[in-house]
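Participant: need coordinates for the below:
(one chain, ligands or ions: 1)
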Amino acid sequence: MGADHTRTDIERWILSNLTPQASTTAELMYERMESQSGRCLPVLYEPLDNTKRSHWHDEALIGAFAHAMGDASIVLDVGPGDGWPALRIADRFKKIIGIDPSPLRVRVQRENAERLDIDNVEFLVMDAEEMTFKNGSFGGVTAASSIEQCANPEQALREVLRVLAPGGTLAMVFEDYDACFADSVGDEKLRGELTDKEAVVFYQVRRKSPPRETWYALFLDRQRLNADPEFLEAVENISETPVELDGAPVGDGFVAPSETFGVTLLAGLMPFVADTKYFELNHLTSGTVNELLTRVGFVEMRHLDHRMPELLAFFDAARDAGKLGLNGPVLDVVAEVFGISAVERAGEGPGDFVIARKPG
Ligand SMILES: C[S@@+](CC[C@H](N)C(=O)[O-])C[C@H]1O[C@@H](n2cnc3c(N)ncnc32)[C@H](O)[C@@H]1O
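Facilitator: Residues are numbered from 1 along each chain as shown. Predicted coordinates for the structure are as follows:
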């Protein structure tokens, strides 16, 4: 880990008492979620409904991803989560290959493909930073909110460029640090997760310069914790609501102002800690994405706003005019047209949906 002059009290305590091992978002987050999307994605989990704003938006994004891939025949989807966008664009291409380092995610992706009867997709356990595909294997690559989840986004983009065919296109959506977290820089949060199998306390801290987020996971011995109702309750209480570290009470005996509350709680939990891991995310912005893409060799970067404001304005107007019922605009056609036109109008940044080309 880097220099520690910006470390918080809690981090310093964790680092000196628990010697955390480096890990990844795939292991600490995505490997631990049965559904990464909360099972609310249209088509994958819910029937398409043209009265829902989120379904229009999803359709438009799918249209945009597919259109950006041009006439690619085989497309790579990096980090499909529950299978998005891979399973949603599969009918437009000969084959889609999805890669994800989390075996649980890959299992869910395969199950979803089978349930939806989509047979031109293949999901593999693989890290975007170290792919086993030959150079130039794919006509296009999609990556939705996954490049920023890689420990080294630059290395992942270098690999994406390598496996793209000359002239091939990358279309990626990313969580823009400036847009999403500008107000929460400096945030620290403690969160507890208690399930039948495990008890974990997460401590999360965000920094601005460089824009970075660190998550420490303290895995607790569930049996020993069960035997100690006071601490079990403390972890239970923080599991219900993510707690900001500014004085909120957390269980009996853990009412405290300031950061000492966190150290006090963690120090109390120390005898129960079986393992400690951390991951560190380097956050992206439109500017840093362009820098990375340029550095690894992409050209012709174009950006758009992944929220597709015109589509949503169209939706609101149609709803207000009472035209969203069964006889209203046909969702997939209208949304696809918006997705396509957004890609065609994509321009120089900023925007959190980026389309870039490998030189031909
Ligand atoms: C925020 S989820 C996005 C899932 C999906 N694309 C979507 O938009 O719903 C991030 C995904 O990236 C995957 N991921 C994390 N690190 C990765 C890596 N190094 N290589 C490829 N995928 C990775 C995670 O396992 C997870 O499936």
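
Participant: can you tell me the closest non-neighbouring residue to residue 358?
Facilitator: Distances taken as Cβ to Cβ, 6 or more residues apart in numbering place residue 164 nearest to residue 358, at 4.4 Å, with adjacent residues excluded. Using the backbone N, CA and C atoms, a C-beta is placed for each residue, glycine as well.

Participant: what about that neighbour, how many residues nearby?
Facilitator: Neighbour count of residue 164, defined by other Cβ atoms under 10 Å: 25.

Participant: ok, it - contacts?
Facilitator: Going by Cβ atoms under 8 Å, 6 or more residues apart in numbering, residue 164 touches 136, 138, 139, 140, 141, 170, 358.

Participant: apply 7 Å and report the result again.
Facilitator: Shown in contact with residue 164 (Cβ atoms under 7 Å, 6 or more residues apart in numbering): 136, 138, 141, 170, 358.

Participant: verify the stated contact: the first one with residue 162.
Facilitator: No. Taking Cβ atoms under 7 Å as the contact criterion, residue 136 and residue 162 are not neighbours in contact, 8.1 Å apart.

Participant: thinking again about what came up before, state the phi and psi torsions of the residue nearest to residue 358.
Facilitator: Dihedral pair for residue 164: phi -80, psi 140, per degrees, to the nearest 10.

Participant: which of the contacts of residue 164 lies closest to the ligand?
Facilitator: Nearest to the ligand among the contacts of residue 164, counting by Cβ to the nearest ligand atom, is residue 141 at 11.3 Å.

Participant: following the worst-scoring helix or strand of the chain on mean pLDDT, which helix or strand shows up next?
Facilitator: Of all helical and strand segments in the chain, the minimum by mean pLDDT, DSSP states H and E falls on strand 243-244, at a mean of 46. Going down the chain from strand 243-244, the next helix or strand is helix 260-269, by DSSP states H and E.

Participant: now do the buried residues in that following helix.
Facilitator: Within helix 260-269, the residues that count as buried by 16 or more other Cβ atoms under 10 Å are 261, 262, 263, 264, 265, 266, 268, 269.

Participant: quick one: mean pLDDT for the helix or strand that comes right after that helix?
Facilitator: With elements assigned by DSSP H and E, the helix or strand that comes after helix 260-269 is strand 273-282. Mean pLDDT, computed over strand 273-282, is 94.

Participant: strand 273-282 - contacts with which helices or strands?
Facilitator: Where contact means 3 or more Cβ pairs under 7 Å, 6 or more residues apart in numbering; DSSP states H and E, strand 273-282 is packed against helix 9-18, helix 25-28, strand 212-220.

Participant: the last one vs the ligand: in contact?
Facilitator: Read it as strand 212-220. No. Strand 212-220 is not in contact with the ligand by Cβ under 6 Å from any ligand atom; minimum separation 13.0 Å.

Participant: could you check the angle helix 9-18 makes with that strand?
Facilitator: Going by axes from the mean of the first three to the mean of the last three Cα atoms, to 10 degrees, strand 212-220 is angled at 50 degrees with respect to helix 9-18.
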